[in-house]
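[1] Got a sequence here, can you model it:
(chains A and B)
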Amino acid sequence: MAELHLTVLDPAGLHARPAAQVVRTAGRFLSRITINVGDRTADVKSLIALLGLTIRPGAEITLAADGPDDDAALAALLTELGAAVQPSQSDAEQT
Amino acid sequence: MVGLVLISHSSSIADGLRDMVLQVAGSDVIVATAGGTDDGRLGTSAPRIAAAIRSTLEGGPDGTLILLDLGSAALSLELALEEFDADERARLRVSEAPLVEGAVLAAVQASVGATLDEVAEAAAGAASMQKMPTD
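    Now for the predicted structure:
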């Protein structure tokens, strides 16, 4: 199990195109990957679930991966998100 | 990879949606269009639909999800489907989803290697997708 705590910087939030890229990246990994914002959690491999969260600029999100390739999955997602996010104050932590 | 067929009365809609889908889901997604009539008018054409379906089925064994706009598109599609045998029909699924949203959601799911059932399910979710955020 690995987690990343991030703040969304993109002024448009996590909108359709980057969200689709995130889903496609997540789809390459075996691990179950979820995204949490506030009290809501969605499967990162489902675009409709991800768009349903309406992630706004400034939102604090947690990406969590659980499975044989969880660390690699989060690293790939962080690369994919690029400048759209930054690590939150609490820093990325791995358990 | 599961392919998509986009059927619209307007070739501009079908082709424009294809552009949008390829940009969101990646240019390797299999998308064929059947927009307008043979002579370039607004409408749908069973032969054009059949040709589009045929091209996606030839692209691989994983099947094809068909999305359409409204009205007589369904009638033309029914006619087009008659050209396919039972084995081919088993690899085809017709989506009830709204065309634009359904196509985008389906294409993203197809691009990650999802099955025809999973791609169809993703498209079906488009019907209940909210346009404007609630919070």
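
[2] closest point of chain B to chain A, which residue?
    B:V112 (2.7 Å; C-beta to the nearest C-beta). For glycine as for every other residue, the C-beta is placed from the backbone atoms N, C-alpha and C.

[3] Tell me which residues touch that residue, please.
    Counting by C-beta atoms under 8 Å, 6 or more residues apart in numbering or on different chains, B:V112 touches A:23-24, A:26-28, A:45.

[4] cutoff 10 Å now
    A:20, A:23-28, A:45-47, B:1, B:25-26, B:118-119 (C-beta atoms under 10 Å, 6 or more residues apart in numbering or on different chains).

[5] ok, and the closest non-adjacent residue to B:D117?
    B:R93 (8.0 Å; C-beta to C-beta, 6 or more residues apart in numbering or on different chains).

[6] Neighbouring strands - and their directions - for the helix or strand containing the one you found?
    Under the criterion of DSSP states H and E, B:R93 resides in strand B:92-94. Note on strand B:92-94: by DSSP bridges, its sheet partners are strand B:64-68 (parallel).

[7] can I get the CA coordinates of the strand it pairs with in PDB?
    Output in PDB follows, covering the C-alpha atoms of strand B:64-68 (Å, rounded to 0.1, in the frame of the first residue of the first chain):
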ATOM      1  CA  THR B  64     -17.000  -3.000 -31.200                       C
ATOM      2  CA  LEU B  65     -19.200  -0.700 -29.300                       C
ATOM      3  CA  ILE B  66     -21.700   1.300 -31.500                       C
ATOM      4  CA  LEU B  67     -22.900   4.700 -30.400                       C
ATOM      5  CA  LEU B  68     -25.500   6.700 -32.300                       C
END
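
[8] ok, which stretches of chain A are strands?
    Applying DSSP state E to chain A gives strands spanning A:2-8, A:32-37, A:40-43, A:60-66, A:85-87.

[9] Reformat the ones you listed as CSV; add distance to chain B and mean neighbour count.
    Shown next, in CSV, are the strands of chain A (distance: least, C-beta to the nearest C-beta, whole Å; neighbours: other C-beta atoms under 10 Å in any protein chain shown):
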stretch, distance to chain B, mean neighbour count
strand A:2-8, 14, 19
strand A:32-37, 11, 20
strand A:40-43, 10, 15
strand A:60-66, 14, 19
strand A:85-87, 19, 16
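
[10] among these, which is nearest B:L57?
    With C-beta to C-beta as the criterion, B:L57 lies closest to strand A:40-43 of these, at 29.6 Å.

[11] tally of neighbours for the closest residue to A:A72 other than its chain neighbours?
    Counting by C-beta to C-beta, 6+ apart, A:A72 lies nearest to A:F29, which is 6.8 Å off, once chain neighbours are set aside. Applying other C-beta atoms under 10 Å in any protein chain shown, we find 20 residues neighbouring A:F29.
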